[in-house]
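# The sequence isn't on hand, but the structure is:
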């Protein structure tokens, strides 16, 4: 029991948060890897409503039997061994954009990649919606993720940034409330990036565009929606990498146990 | 203590990732699991048909929105002797036949089709691979032909037979009557104001604008009205559905 009357403990992660966290982690992994299979069918990205091989692609993966490269605008980076030209586990050279270890299924099948993608897209979308409703209802969002006025101050955010440079404060943070950078990234992922994935995904559907023409209207066209879908996928990969680094630095065993069994958090009464 | 834990953690994460991948491939080969995955596509069909007006038009664009070049895909030339001979004389001997569940089965020459009511529409073509192209199509609304042929009440699907073969099999596609009678469903003989090029399906191709490119069958020779798709090809309703796991409904 805490000695200070102003300090109390409560469950660190509610049961909804824990269930959604793991279901969502599985969904995002499958969606990313099956999405890379779908991308491999046409590894070029455009802005606007249309875009095909004769149109300018702002991003393209190039493939030949000798080398692979990634082109971003006018910048060309050789990626042989990783993108566009790589060896499969039997040592054969493959010229699909993303390598087999990053895709579901591991050998190219657009039809199967689409099946995986659309199935897990349903679980992901329904799960996100239920999590949002439940977390607003039980005030998880308002209590734990809402940024208070003082947390928006640059000095406060700078402090939170410095806090991430110090291993001791990182380790201690696993018992405390979320700091402003944590809140910003969780809010950004839950309320901006993940919903945008759903809407850019819907905007790529021909039938959805007939039903809801505003989808491509807002996003600047079907090919823009496809580009944004891809960019956000990699912002989510970036979030995932930082998330994993922070979990490892702050005490991985305790953190993972807390996300399974709930854990404990210390709270200072305001 | 912690170091060992971390090392174990990273090690088991790597093993986990490896077994996850081979696990996914094993699941992918499992027919029962494939059926579970495919159930989501049935859900997409049901939701998309329920969500909007069933006769909702796909967006139409202006001439300023056209793709500079309309890409072709799949068969770019059927390459048969008959097709080449027909193309050489401007498809003067080409016939489109209405067969199956019609009270008045009949056939049309290209010029007969061109003398029927026409519709011109500028629409976006979305390939299952991910690319899009905007083109202007002119052709006969399919509804006009279904009315002339007097489609029987027992008909539920329209099968489009084509002059081209892919991998040795004839290409075909099918749609239901809801798309068959949709005002934008046309048999197009012109692209961007000119006769349909060979690579885009000359002399006649299907446009069914709320679905993906593989539904837009090219080199049309026959529209067959059927009660069931089971006896056509391998029974899945289209070439790509038969040879791979592509879905019959291609609205997404």
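Everything's here; your move. From a predicted model like this one, the values you see are computed outputs, not experimental measurements. Residues are numbered from 1 along each chain as shown, chains lettered A, B, ... in the order given.
# I figured residue A:150 was touching residue A:157, is that so?
No: using Cβ atoms under 8 Å, residue A:150 is not in contact with residue A:157, being 10.6 Å away. From N, CA and C alone the C-beta is placed, and that goes for glycine too.
# Can you name the residue of the stretch 51-200 of chain B nearest chain A?
residue B:52 (3.1 Å; Cβ to the nearest Cβ).
# Can you give the contact residues for the strand or helix carrying residue A:76?
For residue A:76, the enclosing helix or strand under DSSP states H and E is strand A:75-78. Here strand A:75-78 makes contact (Cβ atoms under 8 Å, 6 or more residues apart in numbering or on different chains) with A:67, A:68, A:69, A:70, A:71.
# Which ChimeraX command selects the buried ones in these?
Here is the ChimeraX command that picks out the buried ones among the contacts of strand A:75-78, judged by 16 or more other Cβ atoms under 10 Å in any protein chain shown:
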select /A:68,69,70,71
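# from the contacts of strand A:75-78, which single one is nearest residue A:243?
Nearest to residue A:243 among the contacts of strand A:75-78: residue A:70, at 25.0 Å, using Cβ to Cβ.
# Need the three-state assignment for that closest one.
Assigned by DSSP: H, G, I helix; E, B strand; the rest coil, the conformation of residue A:70 is strand.
# Pull the contacting residues for the residue nearest to residue B:244 when sequence neighbours are not counted.
For residue B:244, ignoring the flanking residues on the chain, the nearest one in space by Cβ to Cβ, 6 or more residues apart in numbering or on different chains is residue A:111 at 4.3 Å. By Cβ under 8 Å, 6+ apart, the contact set of residue A:111 is B:240, B:244, B:245, B:246, B:247.
# And the one helix or strand residue A:111 maps to, what's buried?
Element membership of residue A:111 [criterion: DSSP H and E] is helix A:110-137. Within helix A:110-137, the residues that count as buried by 16+ other Cβ under 10 Å are A:110-125, A:127-128, A:131-132, A:134-135.
# and for the helix or strand containing residue B:82, what are the contacting residues?
Here residue B:82, judged by DSSP H and E, is contained in helix B:81-88. Helix B:81-88 has contacts (Cβ under 8 Å, 6+ apart) with B:77, B:92, B:93, B:94, B:163, B:164, B:198, B:202, B:219.
# which of the residues you listed count as buried?
B:94, B:163, B:164, B:198, B:202, B:219.
# Now those residues in TSV, please, with extra columns for distance to chain A.
Listed next are the buried ones among the contacts of helix B:81-88 as TSV, based on distance: Cβ to the nearest Cβ, whole Å:
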residue	distance to chain A
B:94	28
B:163	24
B:164	20
B:198	18
B:202	20
B:219	21
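# Closest one of these to residue B:233?
Using Cβ to Cβ, those come closest to residue B:233 at residue B:164, 14.2 Å.
# Name the secondary structure element that contains the closest one.
Judged by DSSP H and E, residue B:164 forms part of strand B:157-166.
# any idea how far residue A:223 is from residue A:204?
Going from residue A:204 to residue A:223 by Cβ to Cβ, to the nearest Å gives 9 Å.
# more neighbours, these two?
residue A:223 (29 against 21; other Cβ atoms under 10 Å in any protein chain shown).
# Now do the contacts for the more buried one.
A:45, A:46, A:47, A:48, A:49, A:50, A:51, B:131, B:132.
# Shouldn't the fourth one be within a helix?
In other words, residue A:48. No: counting by three-state DSSP, residue A:48 is not part of a helix but coil.
# roughly how far apart are it and chain B?
According to Cβ to the nearest Cβ, to the nearest Å, residue A:48 and chain B sit 9 Å apart.
# same check, this time on the first one
Distance of residue A:45 to chain B, computed by Cβ to the nearest Cβ: 9 Å.
# which residues touch the closest residue to residue A:193 other than its chain neighbours?
The spatially closest residue to residue A:193, leaving aside those adjacent along the chain, is residue A:232, at 5.3 Å (Cβ to Cβ, 6+ apart). Residues in contact with residue A:232, defined by Cβ under 8 Å, 6+ apart, are A:193, A:196, A:197, A:200.
# Any chance of a markdown table for these, columns pLDDT?
Formatted as a markdown table, the contacts of residue A:232 follow (pLDDT from 0 to 100):
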| residue | pLDDT |
| --- | --- |
| A:193 | 98 |
| A:196 | 98 |
| A:197 | 98 |
| A:200 | 98 |
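# Closest to residue A:12 out of the residues you listed?
residue A:193 (23.5 Å).
# which residues touch that closest one?
So residue A:193 contacts A:232, A:235, A:236, A:239 (Cβ under 8 Å, 6+ apart).
# Just the buried ones out of those residues, please.
A:232, A:236, A:239.
# of those residues, closest to chain B?
residue A:232 (16.0 Å).
# Can I take it that that closest one is in a strand?
No: read with three-state DSSP, residue A:232 is helix and lies in no strand.
# tell me which residues of the helix or strand where residue B:42 lies are tucked away?
Using DSSP H and E, residue B:42 sits within helix B:31-51. Under the neighbour-count criterion of 16+ other Cβ under 10 Å, helix B:31-51 has B:33, B:34, B:37, B:40, B:41, B:44, B:45, B:47, B:48 buried.
# what's the answer for stretch B:160-173, then?
Buried, per 16+ other Cβ under 10 Å, within stretch B:160-173: B:160, B:161, B:162, B:163, B:164, B:171, B:172, B:173.
# Where does the nearest residue to the first one once chain neighbours are set aside fall, secondary structure wise?
Right, residue B:160. The shortest distance from residue B:160 to any non-neighbouring residue, by Cβ to Cβ, 6+ apart, is to residue B:217 (4.2 Å). Following DSSP H and E, one finds residue B:217 outside all helices and strands.
# How about the contacts made by residue B:217?
B:160, B:162, B:171, B:172, B:173, B:201, B:205, B:206.
# Residue B:43 too?
Here residue B:43 is in contact with residue A:122 (criterion: Cβ under 8 Å, 6+ apart).
# what do you get if the cut-off is 10 Å, keeping everything else the same?
By Cβ atoms under 10 Å, 6 or more residues apart in numbering or on different chains, residue B:43 lies in contact with A:118, A:119, A:122.
# Next, count neighbours for the nearest residue to residue A:113 once chain neighbours are set aside.
Excluding the flanking residues, the one nearest residue A:113 by Cβ to Cβ, 6+ apart is residue A:37, at 3.1 Å. Counted with other Cβ under 10 Å, the neighbours of residue A:37 add up to 27.
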